[in-house]
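Visitor: Predicted model and sequence follow; I will ask about them next.
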There are 2 protein chains.
Amino acid sequence: MSWQKDRRAERGYHHGNLKEALLQAALDLISQKGPAGFTFADAARMAGVSPAAPYRHFRDRDELLSSIAQRGFEQFEALLTQAWDDGRPDTVTAFERVGKAYLAFARNEPAFYSAMFESGLPVDANPTLMAASERAFAIIRAAAERLAAMAPPGMPRPPAMMMALHIWSMSHGVASLFGRGDAARRKLPMSPEELLEAEVLIYLRGLGFPTDRRPSDQKPPGPPPVPPSGGPWGTPK
Amino acid sequence: MSWQKDRRAERGYHHGNLKEALLQAALDLISQKGPAGFTFADAARMAGVSPAAPYRHFRDRDELLSSIAQRGFEQFEALLTQAWDDGRPDTVTAFERVGKAYLAFARNEPAFYSAMFESGLPVDANPTLMAASERAFAIIRAAAERLAAMAPPGMPRPPAMMMALHIWSMSHGVASLFGRGDAARRKLPMSPEELLEAEVLIYLRGLGFPTDRRPSDQKPPGPPPVPPSGGPWGTPK
DNA sequence: GGCTCATGTAAAAGCTATTCACATGAGCTG
DNA sequence: CAGCTCATGTGAATAGCTTTTACATGAGCC
(Lines give C-alpha, C1' and ligand atoms only; values in the text may rest on other atoms or scores of the structure.)
Protein backbone atom coordinates (compact mmCIF):
# COMPACT_ATOMS: atom_id res chain seq x y z
CA MET A 1 0.00 0.00 0.00
CA SER A 2 2.79 2.40 0.91
CA TRP A 3 4.42 1.26 -2.24
CA GLN A 4 4.75 4.56 -3.98
CA LYS A 5 6.02 6.33 -0.93
CA ASP A 6 8.59 3.63 -0.36
CA ARG A 7 9.76 4.11 -3.89
CA ARG A 8 9.67 7.80 -3.45
CA ALA A 9 11.82 7.57 -0.35
CA GLU A 10 14.14 5.27 -2.21
CA ARG A 11 14.69 7.49 -5.18
CA GLY A 12 14.18 10.99 -3.82
CA TYR A 13 12.39 13.81 -5.58
CA HIS A 14 13.75 13.04 -9.01
CA HIS A 15 13.17 9.71 -10.62
CA GLY A 16 16.30 9.72 -12.70
CA ASN A 17 15.04 7.55 -15.52
CA LEU A 18 11.38 8.33 -15.78
CA LYS A 19 11.10 8.29 -19.54
CA GLU A 20 12.35 4.73 -19.76
CA ALA A 21 10.28 3.68 -16.78
CA LEU A 22 7.15 5.08 -18.41
CA LEU A 23 7.81 3.35 -21.69
CA GLN A 24 8.34 0.08 -19.88
CA ALA A 25 5.24 0.53 -17.77
CA ALA A 26 3.19 1.33 -20.83
CA LEU A 27 4.45 -1.79 -22.55
CA ASP A 28 3.43 -3.90 -19.60
CA LEU A 29 0.02 -2.32 -19.43
CA ILE A 30 -0.61 -2.61 -23.14
CA SER A 31 0.35 -6.25 -23.23
CA GLN A 32 -2.05 -6.86 -20.37
CA LYS A 33 -5.02 -4.75 -21.37
CA GLY A 34 -4.52 -3.73 -24.96
CA PRO A 35 -3.62 -0.31 -26.34
CA ALA A 36 -7.02 1.05 -25.37
CA GLY A 37 -6.76 -0.13 -21.79
CA PHE A 38 -3.48 1.59 -21.21
CA THR A 39 -3.70 4.70 -19.10
CA PHE A 40 -1.29 7.56 -18.68
CA ALA A 41 -2.11 7.80 -15.01
CA ASP A 42 -1.56 4.10 -14.56
CA ALA A 43 1.87 4.29 -16.08
CA ALA A 44 2.72 7.17 -13.77
CA ARG A 45 1.51 5.21 -10.78
CA MET A 46 3.53 2.21 -11.84
CA ALA A 47 6.63 4.38 -12.05
CA GLY A 48 5.85 5.87 -8.65
CA VAL A 49 5.38 9.46 -9.79
CA SER A 50 2.48 11.87 -9.85
CA PRO A 51 0.00 11.88 -12.75
CA ALA A 52 1.47 15.10 -14.09
CA ALA A 53 5.07 13.92 -14.22
CA PRO A 54 4.80 12.11 -17.57
CA TYR A 55 4.02 15.41 -19.27
CA ARG A 56 7.65 16.42 -18.77
CA HIS A 57 8.60 13.64 -21.18
CA PHE A 58 5.66 13.21 -23.55
CA ARG A 59 3.36 15.86 -24.93
CA ASP A 60 0.40 13.59 -24.28
CA ARG A 61 -0.77 10.04 -24.18
CA ASP A 62 -0.58 9.68 -27.94
CA GLU A 63 3.04 10.72 -28.04
CA LEU A 64 3.90 7.97 -25.62
CA LEU A 65 2.04 5.50 -27.82
CA SER A 66 3.90 6.80 -30.85
CA SER A 67 7.21 6.36 -29.08
CA ILE A 68 6.32 2.78 -28.36
CA ALA A 69 5.29 2.16 -31.95
CA GLN A 70 8.55 3.77 -33.03
CA ARG A 71 10.60 1.45 -30.88
CA GLY A 72 8.47 -1.42 -32.03
CA PHE A 73 9.30 -0.73 -35.66
CA GLU A 74 12.97 -0.50 -34.80
CA GLN A 75 12.97 -3.82 -33.00
CA PHE A 76 10.88 -5.28 -35.78
CA GLU A 77 13.36 -4.12 -38.36
CA ALA A 78 16.22 -5.60 -36.37
CA LEU A 79 14.43 -8.90 -36.02
CA LEU A 80 13.58 -9.09 -39.72
CA THR A 81 17.12 -8.13 -40.68
CA GLN A 82 18.48 -10.90 -38.52
CA ALA A 83 15.97 -13.40 -39.90
CA TRP A 84 16.70 -12.46 -43.49
CA ASP A 85 20.45 -12.67 -42.84
CA ASP A 86 21.07 -11.36 -46.30
CA GLY A 87 19.52 -14.43 -47.86
CA ARG A 88 21.71 -17.08 -46.28
CA PRO A 89 21.99 -19.99 -46.62
CA ASP A 90 19.61 -19.77 -49.54
CA THR A 91 17.00 -17.29 -50.61
CA VAL A 92 13.91 -19.42 -50.06
CA THR A 93 14.98 -20.64 -46.64
CA ALA A 94 15.80 -17.13 -45.53
CA PHE A 95 12.55 -15.91 -46.97
CA GLU A 96 10.56 -18.30 -44.88
CA ARG A 97 12.56 -17.40 -41.82
CA VAL A 98 11.39 -13.83 -42.33
CA GLY A 99 7.78 -14.97 -42.35
CA LYS A 100 8.29 -16.86 -39.13
CA ALA A 101 10.01 -13.87 -37.59
CA TYR A 102 6.99 -11.75 -38.44
CA LEU A 103 4.73 -14.15 -36.60
CA ALA A 104 7.15 -14.51 -33.73
CA PHE A 105 7.20 -10.77 -33.26
CA ALA A 106 3.42 -10.54 -33.22
CA ARG A 107 3.27 -13.32 -30.67
CA ASN A 108 6.17 -12.36 -28.43
CA GLU A 109 5.69 -8.62 -28.50
CA PRO A 110 1.94 -8.14 -28.58
CA ALA A 111 2.28 -4.74 -26.97
CA PHE A 112 4.63 -3.46 -29.65
CA TYR A 113 2.58 -5.12 -32.34
CA SER A 114 -0.69 -3.54 -31.31
CA ALA A 115 0.88 -0.15 -30.81
CA MET A 116 2.31 -0.42 -34.31
CA PHE A 117 -0.68 -1.77 -36.16
CA GLU A 118 -3.82 -1.58 -34.10
CA SER A 119 -3.67 1.51 -31.99
CA GLY A 120 -5.26 3.69 -34.62
CA LEU A 121 -2.26 6.01 -34.62
CA PRO A 122 -2.05 8.12 -37.75
CA VAL A 123 1.12 6.53 -39.09
CA ASP A 124 1.33 8.74 -42.13
CA ALA A 125 0.94 11.88 -40.04
CA ASN A 126 4.16 11.20 -38.19
CA PRO A 127 7.18 11.28 -40.49
CA THR A 128 9.52 9.66 -37.98
CA LEU A 129 7.13 6.81 -37.41
CA MET A 130 6.45 6.45 -41.10
CA ALA A 131 10.17 6.27 -41.79
CA ALA A 132 10.68 3.58 -39.17
CA SER A 133 7.79 1.63 -40.64
CA GLU A 134 9.29 1.89 -44.10
CA ARG A 135 12.70 0.76 -42.92
CA ALA A 136 11.09 -2.38 -41.59
CA PHE A 137 9.19 -2.96 -44.80
CA ALA A 138 12.38 -2.38 -46.76
CA ILE A 139 13.72 -5.68 -45.40
CA ILE A 140 10.79 -7.52 -46.90
CA ARG A 141 11.21 -5.62 -50.14
CA ALA A 142 14.89 -6.45 -50.31
CA ALA A 143 14.07 -10.10 -49.80
CA ALA A 144 11.41 -9.94 -52.50
CA GLU A 145 13.87 -8.36 -54.90
CA ARG A 146 16.37 -11.12 -54.35
CA LEU A 147 13.62 -13.63 -54.89
CA ALA A 148 12.39 -11.92 -58.03
CA ALA A 149 15.87 -11.99 -59.46
CA MET A 150 15.99 -15.74 -59.26
CA ALA A 151 12.47 -16.35 -60.57
CA PRO A 152 12.19 -18.73 -63.50
CA PRO A 153 12.71 -16.56 -66.57
CA GLY A 154 10.04 -18.20 -68.70
CA MET A 155 7.08 -16.94 -66.68
CA PRO A 156 5.63 -13.49 -66.48
CA ARG A 157 6.21 -12.10 -63.05
CA PRO A 158 5.06 -9.15 -61.00
CA PRO A 159 7.33 -6.33 -59.90
CA ALA A 160 9.37 -7.10 -56.81
CA MET A 161 7.53 -4.36 -54.97
CA MET A 162 4.26 -6.11 -55.56
CA MET A 163 5.68 -9.40 -54.38
CA ALA A 164 6.85 -7.69 -51.24
CA LEU A 165 3.40 -6.25 -50.64
CA HIS A 166 1.87 -9.66 -51.19
CA ILE A 167 4.15 -11.25 -48.66
CA TRP A 168 3.56 -8.46 -46.22
CA SER A 169 -0.20 -8.75 -46.49
CA MET A 170 -0.10 -12.52 -46.00
CA SER A 171 2.10 -12.23 -42.95
CA HIS A 172 0.10 -9.40 -41.52
CA GLY A 173 -3.19 -11.12 -42.20
CA VAL A 174 -2.15 -14.34 -40.51
CA ALA A 175 -0.56 -12.51 -37.60
CA SER A 176 -3.56 -10.24 -37.05
CA LEU A 177 -6.20 -12.91 -37.31
CA PHE A 178 -4.52 -15.85 -35.64
CA GLY A 179 -1.12 -14.90 -34.37
CA ARG A 180 -1.57 -13.41 -30.94
CA GLY A 181 -2.06 -14.95 -27.56
CA ASP A 182 -4.85 -12.41 -27.28
CA ALA A 183 -8.48 -13.03 -26.73
CA ALA A 184 -8.87 -11.61 -30.22
CA ARG A 185 -7.49 -14.77 -31.73
CA ARG A 186 -9.53 -17.26 -33.70
CA LYS A 187 -9.33 -20.98 -33.36
CA LEU A 188 -7.20 -22.66 -35.93
CA PRO A 189 -6.74 -26.30 -36.93
CA MET A 190 -3.00 -25.69 -37.24
CA SER A 191 -0.31 -23.31 -36.09
CA PRO A 192 -0.12 -19.85 -37.63
CA GLU A 193 3.41 -20.71 -38.71
CA GLU A 194 2.25 -23.72 -40.67
CA LEU A 195 -0.57 -21.75 -42.18
CA LEU A 196 1.69 -18.96 -43.36
CA GLU A 197 4.41 -21.24 -44.60
CA ALA A 198 1.97 -23.19 -46.74
CA GLU A 199 0.45 -19.96 -48.04
CA VAL A 200 3.81 -18.53 -49.05
CA LEU A 201 4.93 -21.76 -50.66
CA ILE A 202 1.80 -21.99 -52.78
CA TYR A 203 2.26 -18.36 -53.75
CA LEU A 204 5.88 -18.95 -54.72
CA ARG A 205 4.88 -21.96 -56.74
CA GLY A 206 2.40 -19.72 -58.52
CA LEU A 207 5.37 -17.62 -59.55
CA GLY A 208 7.09 -20.67 -60.96
CA PHE A 209 9.44 -21.47 -58.11
CA PRO A 210 10.10 -25.12 -57.46
CA THR A 211 8.91 -25.75 -53.93
CA ASP A 212 9.52 -29.46 -53.47
CA ARG A 213 12.25 -28.82 -50.95
CA ARG A 214 13.45 -31.73 -48.90
CA PRO A 215 14.57 -31.09 -45.33
CA SER A 216 18.14 -32.05 -46.21
CA ASP A 217 18.28 -29.77 -49.21
CA GLN A 218 20.31 -26.78 -48.19
CA LYS A 219 19.19 -26.24 -44.67
CA PRO A 220 21.57 -26.91 -41.82
CA PRO A 221 20.75 -30.16 -39.99
CA GLY A 222 18.41 -30.03 -37.05
CA PRO A 223 14.87 -30.98 -36.12
CA PRO A 224 12.72 -29.91 -39.07
CA PRO A 225 10.03 -27.53 -37.79
CA VAL A 226 7.49 -29.11 -40.11
CA PRO A 227 7.26 -32.88 -40.41
CA PRO A 228 8.11 -33.78 -43.97
CA SER A 229 4.98 -34.92 -45.75
CA GLY A 230 3.54 -34.59 -49.22
CA GLY A 231 3.97 -30.86 -49.28
CA PRO A 232 3.50 -27.72 -47.21
CA TRP A 233 0.19 -29.12 -45.92
CA GLY A 234 -0.84 -32.48 -44.57
CA THR A 235 -1.34 -35.59 -46.63
CA PRO A 236 -3.76 -34.87 -49.44
CA LYS A 237 -6.98 -36.79 -49.07
CA MET B 1 -27.27 25.26 -29.01
CA SER B 2 -30.71 24.48 -27.66
CA TRP B 3 -30.52 21.48 -29.84
CA GLN B 4 -31.08 18.82 -27.26
CA LYS B 5 -33.99 20.61 -25.69
CA ASP B 6 -35.56 21.16 -29.06
CA ARG B 7 -35.29 17.47 -29.72
CA ARG B 8 -36.56 16.77 -26.29
CA ALA B 9 -39.60 18.93 -26.88
CA GLU B 10 -40.10 17.25 -30.19
CA ARG B 11 -40.01 13.74 -28.94
CA GLY B 12 -41.20 14.03 -25.36
CA TYR B 13 -39.83 12.19 -22.40
CA HIS B 14 -39.36 8.90 -24.15
CA HIS B 15 -37.16 8.68 -27.17
CA GLY B 16 -38.98 5.81 -28.76
CA ASN B 17 -36.09 4.36 -30.66
CA LEU B 18 -33.09 5.05 -28.51
CA LYS B 19 -31.30 1.77 -29.03
CA GLU B 20 -31.19 2.28 -32.77
CA ALA B 21 -30.28 5.92 -32.39
CA LEU B 22 -27.36 5.01 -30.14
CA LEU B 23 -26.07 2.38 -32.51
CA GLN B 24 -26.24 4.83 -35.36
CA ALA B 25 -24.56 7.57 -33.36
CA ALA B 26 -21.81 5.20 -32.30
CA LEU B 27 -21.23 4.21 -35.91
CA ASP B 28 -20.90 7.83 -36.92
CA LEU B 29 -18.51 8.57 -34.09
CA ILE B 30 -16.39 5.50 -34.73
CA SER B 31 -16.05 6.23 -38.41
CA GLN B 32 -14.91 9.73 -37.51
CA LYS B 33 -12.61 9.09 -34.60
CA GLY B 34 -11.92 5.38 -34.48
CA PRO B 35 -13.22 2.85 -31.98
CA ALA B 36 -11.10 4.33 -29.21
CA GLY B 37 -12.40 7.84 -29.77
CA PHE B 38 -16.00 6.84 -29.44
CA THR B 39 -17.62 7.86 -26.21
CA PHE B 40 -20.74 6.62 -24.51
CA ALA B 41 -21.61 10.11 -23.38
CA ASP B 42 -21.12 11.48 -26.87
CA ALA B 43 -23.49 8.96 -28.33
CA ALA B 44 -26.08 9.91 -25.72
CA ARG B 45 -25.62 13.58 -26.49
CA MET B 46 -26.00 12.91 -30.18
CA ALA B 47 -29.25 11.09 -29.54
CA GLY B 48 -30.43 13.94 -27.33
CA VAL B 49 -30.70 11.97 -24.10
CA SER B 50 -28.97 12.10 -20.73
CA PRO B 51 -25.66 10.28 -20.20
CA ALA B 52 -27.39 7.65 -18.11
CA ALA B 53 -30.04 6.74 -20.66
CA PRO B 54 -27.87 4.37 -22.72
CA TYR B 55 -27.53 2.10 -19.72
CA ARG B 56 -31.16 1.10 -20.19
CA HIS B 57 -30.13 -0.53 -23.47
CA PHE B 58 -26.53 -1.62 -23.06
CA ARG B 59 -24.82 -2.96 -19.98
CA ASP B 60 -21.81 -0.78 -20.72
CA ARG B 61 -19.74 0.75 -23.45
CA ASP B 62 -18.31 -2.59 -24.46
CA GLU B 63 -21.70 -4.12 -24.99
CA LEU B 64 -22.55 -1.36 -27.42
CA LEU B 65 -19.31 -2.01 -29.25
CA SER B 66 -20.09 -5.71 -29.33
CA SER B 67 -23.52 -5.02 -30.77
CA ILE B 68 -21.94 -3.00 -33.51
CA ALA B 69 -19.43 -5.72 -34.26
CA GLN B 70 -22.30 -8.20 -34.28
CA ARG B 71 -24.21 -6.19 -36.84
CA GLY B 72 -21.05 -5.69 -38.78
CA PHE B 73 -20.53 -9.41 -39.09
CA GLU B 74 -24.12 -9.83 -40.19
CA GLN B 75 -23.84 -7.21 -42.88
CA PHE B 76 -20.49 -8.60 -43.83
CA GLU B 77 -21.96 -12.05 -44.21
CA ALA B 78 -24.80 -10.68 -46.34
CA LEU B 79 -22.36 -8.81 -48.56
CA LEU B 80 -20.10 -11.82 -49.02
CA THR B 81 -23.09 -14.06 -49.71
CA GLN B 82 -24.27 -11.69 -52.39
CA ALA B 83 -20.80 -11.41 -53.88
CA TRP B 84 -20.30 -15.15 -53.93
CA ASP B 85 -23.75 -15.63 -55.49
CA ASP B 86 -23.33 -19.35 -55.15
CA GLY B 87 -20.45 -19.36 -57.57
CA ARG B 88 -22.16 -17.78 -60.55
CA PRO B 89 -21.37 -17.26 -63.34
CA ASP B 90 -18.24 -19.28 -62.71
CA THR B 91 -16.29 -20.19 -59.63
CA VAL B 92 -13.19 -18.12 -60.23
CA THR B 93 -15.08 -14.97 -61.18
CA ALA B 94 -17.32 -15.28 -58.14
CA PHE B 95 -14.29 -15.96 -56.00
CA GLU B 96 -12.67 -12.75 -57.01
CA ARG B 97 -15.87 -10.87 -56.47
CA VAL B 98 -15.74 -12.06 -52.88
CA GLY B 99 -12.26 -10.64 -52.49
CA LYS B 100 -13.40 -7.31 -53.85
CA ALA B 101 -16.40 -7.35 -51.57
CA TYR B 102 -14.10 -7.85 -48.60
CA LEU B 103 -12.13 -4.76 -49.55
CA ALA B 104 -15.25 -2.80 -50.35
CA PHE B 105 -16.62 -3.54 -46.90
CA ALA B 106 -13.44 -2.42 -45.20
CA ARG B 107 -13.45 0.78 -47.21
CA ASN B 108 -17.15 1.62 -47.11
CA GLU B 109 -17.84 0.56 -43.57
CA PRO B 110 -14.72 1.49 -41.65
CA ALA B 111 -16.70 1.80 -38.45
CA PHE B 112 -18.04 -1.72 -38.67
CA TYR B 113 -14.70 -3.01 -39.81
CA SER B 114 -12.76 -1.57 -36.93
CA ALA B 115 -15.37 -2.64 -34.41
CA MET B 116 -15.13 -6.15 -35.80
CA PHE B 117 -11.39 -6.50 -36.16
CA GLU B 118 -9.55 -3.73 -34.38
CA SER B 119 -11.47 -2.81 -31.30
CA GLY B 120 -9.71 -5.34 -29.11
CA LEU B 121 -13.02 -6.97 -28.24
CA PRO B 122 -12.60 -10.51 -26.94
CA VAL B 123 -14.33 -12.19 -29.86
CA ASP B 124 -13.96 -15.67 -28.48
CA ALA B 125 -15.41 -14.64 -25.14
CA ASN B 126 -18.73 -13.75 -26.72
CA PRO B 127 -20.45 -16.79 -28.21
CA THR B 128 -22.97 -14.75 -30.18
CA LEU B 129 -20.27 -12.62 -31.72
CA MET B 130 -18.12 -15.63 -32.40
CA ALA B 131 -21.01 -17.34 -34.16
CA ALA B 132 -21.66 -14.31 -36.33
CA SER B 133 -17.99 -14.16 -37.19
CA GLU B 134 -18.01 -17.80 -38.14
CA ARG B 135 -21.08 -17.45 -40.31
CA ALA B 136 -19.27 -14.78 -42.29
CA PHE B 137 -16.17 -16.93 -42.60
CA ALA B 138 -18.36 -19.84 -43.68
CA ILE B 139 -19.03 -18.03 -46.95
CA ILE B 140 -15.35 -17.92 -47.70
CA ARG B 141 -15.01 -21.54 -46.71
CA ALA B 142 -17.88 -22.57 -48.94
CA ALA B 143 -16.25 -20.76 -51.83
CA ALA B 144 -12.93 -22.42 -51.09
CA GLU B 145 -14.60 -25.81 -51.06
CA ARG B 146 -16.13 -25.24 -54.45
CA LEU B 147 -12.77 -24.13 -55.72
CA ALA B 148 -11.01 -27.11 -54.19
CA ALA B 149 -13.43 -29.44 -55.90
CA MET B 150 -12.46 -28.16 -59.31
CA ALA B 151 -8.73 -28.12 -58.68
CA PRO B 152 -6.58 -29.95 -61.22
CA PRO B 153 -6.44 -33.55 -59.99
CA GLY B 154 -2.80 -34.10 -60.76
CA MET B 155 -1.43 -31.79 -58.10
CA PRO B 156 -1.31 -32.21 -54.37
CA ARG B 157 -3.62 -29.71 -52.79
CA PRO B 158 -4.34 -28.42 -49.31
CA PRO B 159 -7.60 -28.97 -47.48
CA ALA B 160 -10.34 -26.56 -48.47
CA MET B 161 -10.31 -25.18 -44.95
CA MET B 162 -6.71 -24.18 -45.33
CA MET B 163 -7.37 -22.55 -48.66
CA ALA B 164 -10.16 -20.59 -47.05
CA LEU B 165 -7.84 -19.42 -44.27
CA HIS B 166 -5.26 -18.42 -46.84
CA ILE B 167 -7.74 -16.35 -48.75
CA TRP B 168 -9.05 -14.80 -45.59
CA SER B 169 -5.61 -13.83 -44.41
CA MET B 170 -4.72 -12.28 -47.75
CA SER B 171 -7.93 -10.28 -47.85
CA HIS B 172 -7.63 -9.23 -44.27
CA GLY B 173 -3.99 -8.33 -44.63
CA VAL B 174 -4.57 -6.13 -47.66
CA ALA B 175 -7.65 -4.56 -46.15
CA SER B 176 -5.97 -3.83 -42.83
CA LEU B 177 -2.77 -2.44 -44.24
CA PHE B 178 -3.99 -0.57 -47.29
CA GLY B 179 -7.73 -0.78 -47.56
CA ARG B 180 -9.13 2.00 -45.45
CA GLY B 181 -9.59 5.67 -46.07
CA ASP B 182 -8.05 5.99 -42.62
CA ALA B 183 -4.94 7.79 -41.65
CA ALA B 184 -3.68 4.35 -40.77
CA ARG B 185 -3.27 3.51 -44.43
CA ARG B 186 0.02 3.13 -46.21
CA LYS B 187 0.83 4.53 -49.59
CA LEU B 188 0.52 2.07 -52.38
CA PRO B 189 1.63 2.11 -56.02
CA MET B 190 -1.67 0.50 -57.00
CA SER B 191 -5.19 0.00 -55.74
CA PRO B 192 -5.81 -2.50 -52.95
CA GLU B 193 -8.17 -4.30 -55.31
CA GLU B 194 -5.47 -4.80 -57.90
CA LEU B 195 -3.02 -5.88 -55.25
CA LEU B 196 -5.37 -8.47 -53.81
CA GLU B 197 -6.53 -9.74 -57.18
CA ALA B 198 -2.99 -10.35 -58.33
CA GLU B 199 -2.14 -12.02 -55.04
CA VAL B 200 -5.07 -14.40 -55.25
CA LEU B 201 -4.42 -15.20 -58.88
CA ILE B 202 -0.80 -16.10 -58.19
CA TYR B 203 -1.92 -18.20 -55.28
CA LEU B 204 -4.47 -20.01 -57.41
CA ARG B 205 -1.89 -20.62 -60.05
CA GLY B 206 0.26 -22.14 -57.34
CA LEU B 207 -2.53 -24.62 -56.82
CA GLY B 208 -2.51 -25.50 -60.49
CA PHE B 209 -5.42 -23.42 -61.66
CA PRO B 210 -5.14 -21.95 -65.11
CA THR B 211 -5.28 -18.20 -64.59
CA ASP B 212 -4.92 -16.85 -68.09
CA ARG B 213 -8.50 -15.71 -68.16
CA ARG B 214 -9.54 -13.45 -70.94
CA PRO B 215 -12.24 -10.86 -70.23
CA SER B 216 -14.57 -12.60 -72.66
CA ASP B 217 -14.06 -16.01 -71.09
CA GLN B 218 -17.13 -16.70 -69.06
CA LYS B 219 -17.87 -13.31 -67.68
CA PRO B 220 -20.92 -11.41 -68.84
CA PRO B 221 -20.05 -8.48 -71.13
CA GLY B 222 -19.43 -5.14 -69.55
CA PRO B 223 -16.54 -2.81 -68.74
CA PRO B 224 -13.73 -5.01 -67.43
CA PRO B 225 -12.68 -3.79 -63.97
CA VAL B 226 -9.04 -4.46 -64.77
CA PRO B 227 -7.55 -3.44 -68.09
CA PRO B 228 -6.46 -6.61 -69.88
CA SER B 229 -2.69 -6.81 -69.93
CA GLY B 230 -0.12 -9.55 -69.75
CA GLY B 231 -1.47 -10.92 -66.52
CA PRO B 232 -2.82 -9.88 -63.16
CA TRP B 233 -0.08 -7.28 -62.87
CA GLY B 234 1.29 -4.70 -65.24
CA THR B 235 3.54 -5.41 -68.18
CA PRO B 236 6.58 -7.39 -67.01
CA LYS B 237 9.74 -5.34 -67.27
C1' DG C 1 28.39 28.40 -2.11
C1' DG C 2 24.96 29.86 -5.12
C1' DC C 3 22.30 29.85 -9.60
C1' DT C 4 19.53 27.80 -13.07
C1' DC C 5 16.81 24.75 -15.31
C1' DA C 6 15.13 20.18 -15.98
C1' DT C 7 12.19 17.41 -13.53
C1' DG C 8 8.43 16.52 -10.07
C1' DT C 9 4.31 17.84 -7.25
C1' DA C 10 -0.24 19.62 -5.94
C1' DA C 11 -4.34 21.32 -7.10
C1' DA C 12 -7.89 22.29 -10.21
C1' DA C 13 -10.97 22.18 -14.38
C1' DG C 14 -13.35 19.47 -17.52
C1' DC C 15 -14.23 15.18 -19.33
C1' DT C 16 -16.04 10.17 -19.03
C1' DA C 17 -18.13 5.81 -16.97
C1' DT C 18 -21.27 4.04 -14.00
C1' DT C 19 -24.83 3.79 -10.32
C1' DC C 20 -28.96 4.96 -7.76
C1' DA C 21 -33.11 7.05 -6.48
C1' DC C 22 -36.73 9.12 -8.66
C1' DA C 23 -39.90 10.73 -12.75
C1' DT C 24 -42.66 9.87 -16.80
C1' DG C 25 -45.91 8.04 -19.69
C1' DA C 26 -47.08 3.94 -22.96
C1' DG C 27 -49.76 0.17 -22.85
C1' DC C 28 -52.33 -3.28 -20.52
C1' DT C 29 -56.39 -4.48 -17.49
C1' DG C 30 -60.69 -4.23 -16.01
C1' DC D 1 -61.95 5.43 -19.55
C1' DA D 2 -59.46 5.05 -14.86
C1' DG D 3 -55.71 3.02 -12.78
C1' DC D 4 -51.61 0.34 -12.53
C1' DT D 5 -47.12 -1.16 -13.81
C1' DC D 6 -42.96 -1.31 -15.75
C1' DA D 7 -39.82 -0.01 -19.34
C1' DT D 8 -37.42 3.98 -20.29
C1' DG D 9 -35.36 8.61 -19.03
C1' DT D 10 -33.49 12.13 -15.72
C1' DG D 11 -30.49 14.24 -12.13
C1' DA D 12 -27.19 13.95 -9.06
C1' DA D 13 -23.31 11.74 -7.14
C1' DT D 14 -18.95 8.95 -7.07
C1' DA D 15 -14.69 7.78 -8.92
C1' DG D 16 -11.11 7.99 -12.35
C1' DC D 17 -8.52 10.03 -16.33
C1' DT D 18 -6.32 13.96 -18.96
C1' DT D 19 -4.26 18.03 -19.11
C1' DT D 20 -2.80 22.64 -17.37
C1' DT D 21 -0.72 25.85 -14.11
C1' DA D 22 1.78 27.57 -10.34
C1' DC D 23 5.11 26.09 -7.33
C1' DA D 24 8.99 22.87 -5.26
C1' DT D 25 13.30 20.32 -5.53
C1' DG D 26 17.82 19.33 -6.31
C1' DA D 27 21.55 17.99 -9.98
C1' DG D 28 24.94 20.07 -12.47
C1' DC D 29 27.64 23.94 -13.37
C1' DC D 30 30.15 28.45 -12.45
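Guide: It's in. Please read these numbers as outputs of a predicted model, since none were measured by experiment. Numbers count the residues shown, from 1 in each chain, chains lettered A, B, ... in the order given.

Visitor: Quick one: name the residues of chain A near DNA strand C.
Guide: A:8, A:13-16, A:18, A:49-53, A:56-57 (CB under 7 Å from any atom of the strand). (Each C-beta comes from the backbone N, C-alpha and C, glycine too.)

Visitor: at 10 Å what do you get?
Guide: Residues of chain A found near DNA strand C (CB under 10 Å from any atom of the strand) are A:4-5, A:7-8, A:11-22, A:41, A:44, A:47-57.

Visitor: Mind checking which of the residues you listed are buried?
Guide: A:15, A:18, A:21-22, A:44, A:47-49, A:54, A:57 (16 or more other CB atoms under 10 Å in any protein chain shown).

Visitor: Show me the two of those residues that sit farthest apart.
Guide: A:48 and A:57 (14.5 Å; CB to CB).

Visitor: how many neighbours does residue A:108 have?
Guide: 12 (other CB atoms under 10 Å in any protein chain shown).

Visitor: Now do it against residue B:33, distance only.
Guide: Separation of residue A:108 from residue B:33 (CB to CB, to the nearest Å) stands at 31 Å.

Visitor: what residues are up against the residue nearest the centre of chain A?
Guide: Central residue of chain A (CA atoms, centre = their mean): residue A:105, 3.9 Å from the mean position. Going by CB atoms under 8 Å, 6 or more residues apart in numbering or on different chains, residue A:105 touches A:75-76, A:79, A:112-113, A:175.

Visitor: Can I get the buried part of those residues as one PyMOL selection?
Guide: Restricted to buried positions by 16+ other CB under 10 Å, the PyMOL selection for the contacts of residue A:105 reads:
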select buried, chain A and resi 76+79+112+113+175
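
Visitor: would JSON lines of the contacts of residue A:105 with distance to residue B:65 and secondary structure be doable?
Guide: Shown next, in JSON lines, are the contacts of residue A:105 (distance: CB to CB, whole Å; DSSP: H, G, I helix; E, B strand; the rest coil):
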{"residue": "A:75", "distance to residue B:65": "30", "secondary structure": "helix"}
{"residue": "A:76", "distance to residue B:65": "29", "secondary structure": "helix"}
{"residue": "A:79", "distance to residue B:65": "33", "secondary structure": "helix"}
{"residue": "A:112", "distance to residue B:65": "24", "secondary structure": "helix"}
{"residue": "A:113", "distance to residue B:65": "21", "secondary structure": "helix"}
{"residue": "A:175", "distance to residue B:65": "23", "secondary structure": "helix"}
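
Visitor: Any chance of the contacts of residue A:105 in a markdown table with pLDDT and distance to residue A:188 as columns?
Guide: Listed next are the contacts of residue A:105 as a markdown table, based on pLDDT from 0 to 100; distance: CB to CB, whole Å:
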| residue | pLDDT | distance to residue A:188 |
| --- | --- | --- |
| A:75 | 98 | 26 |
| A:76 | 98 | 23 |
| A:79 | 98 | 23 |
| A:112 | 96 | 22 |
| A:113 | 95 | 18 |
| A:175 | 95 | 12 |
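
Visitor: Which pair of the contacts of residue A:105 spans the longest distance?
Guide: A:75 and A:175 (15.0 Å).

Visitor: Identify, from the buried ones among the residues of chain A next to DNA strand C, the entry nearest to residue B:152.
Guide: residue A:22 (57.5 Å).

Visitor: buried ones in the strand or helix carrying that closest one?
Guide: Element membership of residue A:22, judged by DSSP states H and E, is helix A:18-37. Across helix A:18-37, burial judged by 16+ other CB under 10 Å covers A:18, A:21-23, A:25-27, A:29-31, A:34-36.

Visitor: swap in stretch A:99-113?
Guide: A:99-107, A:109-113.

Visitor: if you look at the residues you listed, which of them are in strands?
Guide: Judged by DSSP state E, the buried residues of stretch A:99-113 include no members of strands.

Visitor: For the one helix or strand residue A:65 maps to, name the packing helices and strands.
Guide: According to DSSP H and E, residue A:65 maps onto helix A:61-84. Packing partners of helix A:61-84 (3 or more CB pairs under 8 Å, 6 or more residues apart in numbering or on different chains; DSSP states H and E): helix A:18-37, helix A:40-47, helix A:91-108, helix A:110-117, helix A:127-149.

Visitor: Is that helix in proximity to DNA strand D?
Guide: Yes - using CB under 10 Å from any atom of the strand, helix A:61-84 comes into contact with DNA strand D via A:61-64.

Visitor: Walk me through the domains of chain A.
Guide: As assigned by automatic domain parsing, chain A contains the domains A:1-58, A:65-206.

Visitor: These: which one's closest to residue B:153?
Guide: Among the domains of chain A, domain A:65-206 sits nearest to residue B:153 (CB to CB), with 16.7 Å.

Visitor: okay, how far is it across that closest one, tip to tip?
Guide: By CA to CA, to the nearest Å, the extent of domain A:65-206 from end to end equals 40 Å.
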